[in-house]
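With the input below, show me the fold.
(one chain, ligands or ions: 1)
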Amino acid sequence: MGKRALLVGALVLLGACDPDTVVHKVGWFATMRHQRNIKPYARPIPPVAGAVPTAGGELPVTRETADHLVNPRTRTAESLNRGQAVYQTFCLVCHGERGQGNGPVSMAGGGPFPGVPSLVDPARPHMSDGAIYGMIVEAQRMGRGIMPRYGDKIHGTDRWDVVNYVRSLQLLARGGGGGGGGNQ
Ligand code: HEC
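Alright, predicted model coming up:
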C-alpha cells in the first residue's frame, strides 16, 4: 500500500514536470529565460526624469482649473457636426436631444435616472466653456458625483466639439439659430 502511494506520488510529480519550468534550471541549456529583461510582475523601469508622455498623459481637470481652460476649437460647422454626433452618442440619453434634461433615461423623460439638469435653461448658473469641458471629462470630480465620467470615452478635440454643440443648443433654446448639424 505504502509503495503504491509512493509510486502514484512520483508519477504525479513527473506529470507536473513541464519542460519550460525545468529546463532552464540546468545551467548549460541556453534558454530565453536568462536575459536582461523585465520579468513578469517585476516593477517596470520608471521613465527618465523630464520625459514627456506622447500619449495618454494629461493633467486632471478640477473645479479650480476648469474655468481657466481655453477652448481651442472654433465653432465651425465641422466642429458642430462632430459635436452633435458625439453628443447624440453619449449625452442625449440623459440630457435629451435639445439639452432640456429630458432624455429617455432621465426621470423627466420617463426613465430612472434622477437629477439630470437642463443644459439650456438660462436660469441655471452660467458655465464657462472650461466648466462644461470639465463636466464632459471628469463629471465625478466637477459635479456632485451623479453624472458618469466620459473622459475615458471622449478624447481629443471631440470634447471641445461637444462643448461647442452644447453652446449651440443653448442658442437654439433662446431662439437664436445655431444648432449646427443637419437634422435640427
Ligand atoms: C447617465 C446620465 C447622464 C449622461 C449620459 C450625461 N449626463 Fe450630464 N449630467 C447628468 C447629471 C445627473 C448631472 C448633474 C450632475 C451633478 O450635479 O453632479 C449632469 C450635469 C451636467 C452638466 C452641468 C449642468 C449644470 O447646469 O450644472 C453638464 C454641462 C453636462 N451634464 C453635460 C453632459 C454632456 C456634454 C454629456 C455627454 C458627454 C453628459 N452630460 C452626459 C447626467 C448625465
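
only C-alpha atoms for contact and neighbour calcs from this point on.
OK.

the helices in the protein, which residues?
2-15, 19-22, 63-66, 77-90, 92-95, 129-142, 157-173 (DSSP state H).

Redo those helices as CSV? Include mean neighbour count and distance to Q35.
Below are the helices of the chain laid out as CSV (neighbours: other Cα atoms under 10 Å; distance: least, Cα to Cα, whole Å):
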stretch, mean neighbour count, distance to Q35
helix 2-15, 10, 28
helix 19-22, 10, 15
helix 63-66, 14, 47
helix 77-90, 20, 47
helix 92-95, 23, 53
helix 129-142, 22, 42
helix 157-173, 23, 43
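
Please name whichever of the ones you listed is nearest to V116.
helix 92-95 (6.6 Å; Cα to Cα).

Give me the contact list for that closest one.
99, 101-106, 113, 116-119 (Cα atoms under 8 Å, 6 or more residues apart in numbering).

when you scan it, is anything in it near the ligand?
Yes - judged by Cα under 6 Å from any ligand atom, helix 92-95 comes into contact with the ligand at 93-94.

quick one: low-confidence ranges for the protein?
Counting by pLDDT under 70, the low-confidence segments of the chain come to 1, 8-17, 30, 56, 176-184.

spatially speaking, which residue is in the middle of it?
D152 (0.7 Å; Cα atoms, centre = their mean).

tell me the contacts of the spatially closest residue to that one that is not a sequence neighbour?
Leaving out its chain neighbours, the residue that sits closest to D152 by Cα to Cα, 6 or more residues apart in numbering is V137, at 7.5 Å. With contact set as Cα under 8 Å, 6+ apart, V137 has these partners: 61, 149-152, 154, 159.

Also V70?
By Cα under 8 Å, 6+ apart, the residues touching V70 are 129-130.

at 10 Å instead, please
Listed by Cα atoms under 10 Å, 6 or more residues apart in numbering, the contact set of V70 reads 128-130, 133, 160.

that older thread, need the helices of the chain in a markdown table (columns: distance to G50).
Below are the helices of the chain laid out as a markdown table (distance: least, Cα to Cα, whole Å):
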| stretch | distance to G50 |
| --- | --- |
| helix 2-15 | 51 |
| helix 19-22 | 40 |
| helix 63-66 | 23 |
| helix 77-90 | 34 |
| helix 92-95 | 41 |
| helix 129-142 | 26 |
| helix 157-173 | 26 |
